[in-house]
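# Build me a model:
(chains A and B)
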Amino acid sequence: MLGFIIQRLLQAGLVMLAMSALVFLGVYAIGNPIDVLISPDATQDIRAAAIRSFGLDLPLWQQYLAFLGRLLSGDFGRSFVFGTPVIDLVLARLPATLELALASVLIGAFIGIPLGIYAGYKPESPAARGIMAVSVLGFSVPTFWVGLILILFFAVHLDWLPAGNRGPTAEFLGVQWSFLTREGLTFLILPALNLSLFKLAMMIRLARAGTREVMLTDTVKFARAAGLSELTILRRHVLRLISIPLVTVFGLEFGSTLAFAVVTETIFSWPGVGKLIIDSITSLDRPVMVAYLVLVAFLFVTINLVVDLSYALLDPRLRRGGRAS
Amino acid sequence: MKAFWREYRENWIAVIALAVVVLVVLAALLAPWITPQDPYDLASLDLMDARRPPGFVGSNGYVHWLGTDAQGRDLLSAIIHGLRISLQMGIAAGLVAMTIGATLGILSAHAGGWVEAAIMRVVDLQLSFPAILLALVLVAVLGQGKSQLIIALVAAQYAYFARTAYGAATAERQKDYVEAAHAPPLPSWRVVLRHILPNCLPPLIVVGTVQVANAIALEATLSFLGLGLPPTEPSLGMLIANGFQYMMSGRTWISVYPGIALILLIVAINIVGDQIRDQFNPRLRR
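The predicted structure is shown next:
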């Protein structure tokens, strides 16, 4: 077991190293940031000084080593555009993205799972067919298009909800949150709904498939024989049995929710890290791009590691030190 | 083939979806001849006609059935040309990704050992990473342009094909007929090409259909974010992005109609793919 953990940790470390090199090299290949930062009529001296101050005159591998060293000490450098440390920039915007992602995951769970259970409980009913059609649309229709339609309908046509931006926030634990103010909440609804669409579709499918399976088992037969009401059976037995795979997928999905926030944040001008990365790509702000990508890669490696390790804890074949699959 | 079609015909939704796909492909192929206006020909545009609602009769004398955009471009023509570009990108990316993915998948199933471990480890890693982020990074790194975008789409999608081909090929590998085919002293690539590859094709075709739809959606998303094709190649995503700024002022048609065209295409391809998958799936056979 210990060997398995060490092996996985080493693997995760290697992946991170490869990712950081790839990101660094890849981002290095994009145009010359000096052209963007300095006006073309600056003197040669100013140019040279700027190149030196950003460390762009050193050989590539030295830049990478310096970058890696700084990375390990938590220093992601300064943004070319804002002139402030990147880590501050990302941290300042992270709560907005986390809040959005969390809200959308909650929507996905609290709407998707009941709908999915119903669709699995009565698979032939018209309502169940309708639910499944919605989930097919949720899978195939691009997020940005649904975002546009949401804005068009709720913000332009009905004028119920704001079309973008974050609105007022309130401080809690030193961080600004939208959900603490009533008005802030109205700004959160549309982007969260938009981002949750894919998760909603997935939760519906998973819950439906799980419920259909569980409904055929002896557990349900005996519960019915014991005279439990259908609602109690669904809540006590079905929900409990299907919750394990749902929770796993949830954990895995949280990372990709953060990634997909890029699109939603751009449409709704939500001031999170996703919007930051898009802005930094268009302005060639290298340090911000690198920091974002390394953080996302780290997040994914960590999530995968945790999932692998928790499977190892649950699966006795792995616990005895064997190999997966 | 005949039996396949007879079974397909039983699902009328899938038949309609197939008709939509065929129609769109035909329209895209014939775009230069059937559109009332060439959307790239700036000389034929008149700013007096800009942002007119659907049904407006333009200064050139013909009706703009779906209205015009900010440059006075006939939206119907722009959409058909946009579909052409979107389809091109989707099919090109899908085919290249399928070739690369299938080769890698079958190769690793056939070779086994460390080759198998290395390739499949990379593929699994990539599958756990959201495709959109990978495409975003690559587009940012490579810059804008058709071939760059195709590379980004392929890199984001080949892993699905590799997984599918690997799964199918490992299943075939263990069957007796492959064992038997290996018996005569023939080069093993012949066995792979003649026996394993054909048996991997059905699942690959199913994944391929869905991935073409995904590639179109991904391309539209990237173009919408301003990171896809350059403005000289207006795909559907860019048309929608261009109309976005006029939506607040009630000129909704500029983004809504290109969007409807996009959704119609994607959903139709998905339905066709689903139907083919169901027909290939022996468990669902009566």
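# Buried ones in stretch A:12-26, by neighbour count?
Within stretch A:12-26, the residues that count as buried by 16 or more other C-beta atoms under 10 Å in any protein chain shown are A:12, A:15-16, A:19-20, A:23-24, A:26. C-beta coordinates here come from the backbone N, C-alpha and C atoms, glycine included.
# Extract the CA atoms of it and return them as PDB.
Taking C-alpha atoms only, stretch A:12-26 is exported to PDB below (Å, rounded to 0.1, in the frame of the first residue of the first chain):
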ATOM      1  CA  ALA A  12       2.200  13.100  -9.900                       C
ATOM      2  CA  GLY A  13       5.400  14.900  -9.300                       C
ATOM      3  CA  LEU A  14       6.700  13.900 -12.700                       C
ATOM      4  CA  VAL A  15       3.600  14.900 -14.500                       C
ATOM      5  CA  MET A  16       3.700  18.300 -12.800                       C
ATOM      6  CA  LEU A  17       7.300  18.700 -13.900                       C
ATOM      7  CA  ALA A  18       6.500  17.800 -17.500                       C
ATOM      8  CA  MET A  19       3.500  20.100 -17.500                       C
ATOM      9  CA  SER A  20       5.500  23.000 -16.100                       C
ATOM     10  CA  ALA A  21       8.100  22.600 -18.800                       C
ATOM     11  CA  LEU A  22       5.500  22.200 -21.500                       C
ATOM     12  CA  VAL A  23       3.600  25.300 -20.300                       C
ATOM     13  CA  PHE A  24       6.800  27.300 -20.100                       C
ATOM     14  CA  LEU A  25       8.000  26.300 -23.500                       C
ATOM     15  CA  GLY A  26       4.600  26.700 -25.100                       C
END
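# what about residue A:99, how many neighbours?
23 (other C-beta atoms under 10 Å in any protein chain shown).
# ok, it touching residue A:191?
No. Using C-beta atoms under 8 Å as the test, residue A:99 is too far from residue A:191 to be in contact (9.9 Å).
# Just the helices from the chain, written as ranges.
Went with chain A since none was named. Along chain A, the segments classed as helices by DSSP state H run A:2-28, A:33-37, A:44-53, A:60-72, A:86-121, A:126-140, A:143-150, A:182-215, A:218-225, A:230-232, A:239-267, A:273-282, A:286-314, A:316-319.
# Oops, wrong one, chain B.
Counting by DSSP H, chain B has helices at residues B:2-9, B:12-29, B:31-34, B:75-111, B:113-127, B:131-142, B:146-173, B:176-182, B:188-191, B:197-224, B:236-247, B:253-280.
# Include distance to chain B and mean pLDDT when you put the helices of chain A into a markdown table, please.
Formatted as a markdown table, the helices of chain A follow (distance: least, C-beta to the nearest C-beta, whole Å; pLDDT from 0 to 100):
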| stretch | distance to chain B | mean pLDDT |
| --- | --- | --- |
| helix A:2-28 | 4 | 77 |
| helix A:33-37 | 13 | 59 |
| helix A:44-53 | 21 | 72 |
| helix A:60-72 | 15 | 76 |
| helix A:86-121 | 13 | 84 |
| helix A:126-140 | 5 | 81 |
| helix A:143-150 | 5 | 83 |
| helix A:182-215 | 10 | 81 |
| helix A:218-225 | 23 | 78 |
| helix A:230-232 | 29 | 78 |
| helix A:239-267 | 4 | 77 |
| helix A:273-282 | 4 | 81 |
| helix A:286-314 | 6 | 77 |
| helix A:316-319 | 16 | 56 |
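# Now distance to residue B:184 too, for these, in JSON lines please.
Converted to JSON lines, the helices of chain A look like this (distance: least, C-beta to C-beta, whole Å):
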{"stretch": "helix A:2-28", "distance to residue B:184": "41"}
{"stretch": "helix A:33-37", "distance to residue B:184": "61"}
{"stretch": "helix A:44-53", "distance to residue B:184": "66"}
{"stretch": "helix A:60-72", "distance to residue B:184": "52"}
{"stretch": "helix A:86-121", "distance to residue B:184": "51"}
{"stretch": "helix A:126-140", "distance to residue B:184": "47"}
{"stretch": "helix A:143-150", "distance to residue B:184": "54"}
{"stretch": "helix A:182-215", "distance to residue B:184": "45"}
{"stretch": "helix A:218-225", "distance to residue B:184": "52"}
{"stretch": "helix A:230-232", "distance to residue B:184": "63"}
{"stretch": "helix A:239-267", "distance to residue B:184": "46"}
{"stretch": "helix A:273-282", "distance to residue B:184": "56"}
{"stretch": "helix A:286-314", "distance to residue B:184": "43"}
{"stretch": "helix A:316-319", "distance to residue B:184": "39"}
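# Reformat the helices of chain B as JSON lines; add distance to residue A:217, mean pLDDT and mean neighbour count.
Output for those, formatted as JSON lines (distance: least, C-beta to C-beta, whole Å; pLDDT from 0 to 100; neighbours: other C-beta atoms under 10 Å in any protein chain shown):
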{"stretch": "helix B:2-9", "distance to residue A:217": "32", "mean pLDDT": "75", "mean neighbour count": "10"}
{"stretch": "helix B:12-29", "distance to residue A:217": "32", "mean pLDDT": "82", "mean neighbour count": "15"}
{"stretch": "helix B:31-34", "distance to residue A:217": "55", "mean pLDDT": "70", "mean neighbour count": "12"}
{"stretch": "helix B:75-111", "distance to residue A:217": "35", "mean pLDDT": "86", "mean neighbour count": "22"}
{"stretch": "helix B:113-127", "distance to residue A:217": "31", "mean pLDDT": "80", "mean neighbour count": "15"}
{"stretch": "helix B:131-142", "distance to residue A:217": "36", "mean pLDDT": "76", "mean neighbour count": "22"}
{"stretch": "helix B:146-173", "distance to residue A:217": "28", "mean pLDDT": "84", "mean neighbour count": "22"}
{"stretch": "helix B:176-182", "distance to residue A:217": "36", "mean pLDDT": "72", "mean neighbour count": "13"}
{"stretch": "helix B:188-191", "distance to residue A:217": "44", "mean pLDDT": "72", "mean neighbour count": "14"}
{"stretch": "helix B:197-224", "distance to residue A:217": "30", "mean pLDDT": "84", "mean neighbour count": "23"}
{"stretch": "helix B:236-247", "distance to residue A:217": "46", "mean pLDDT": "75", "mean neighbour count": "23"}
{"stretch": "helix B:253-280", "distance to residue A:217": "26", "mean pLDDT": "81", "mean neighbour count": "22"}
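# Reformat the ones you listed as JSON lines; add distance to residue A:104.
Below are the helices of chain B laid out as JSON lines (distance: least, C-beta to C-beta, whole Å):
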{"stretch": "helix B:2-9", "distance to residue A:104": "37"}
{"stretch": "helix B:12-29", "distance to residue A:104": "29"}
{"stretch": "helix B:31-34", "distance to residue A:104": "38"}
{"stretch": "helix B:75-111", "distance to residue A:104": "27"}
{"stretch": "helix B:113-127", "distance to residue A:104": "22"}
{"stretch": "helix B:131-142", "distance to residue A:104": "15"}
{"stretch": "helix B:146-173", "distance to residue A:104": "22"}
{"stretch": "helix B:176-182", "distance to residue A:104": "47"}
{"stretch": "helix B:188-191", "distance to residue A:104": "48"}
{"stretch": "helix B:197-224", "distance to residue A:104": "17"}
{"stretch": "helix B:236-247", "distance to residue A:104": "21"}
{"stretch": "helix B:253-280", "distance to residue A:104": "21"}
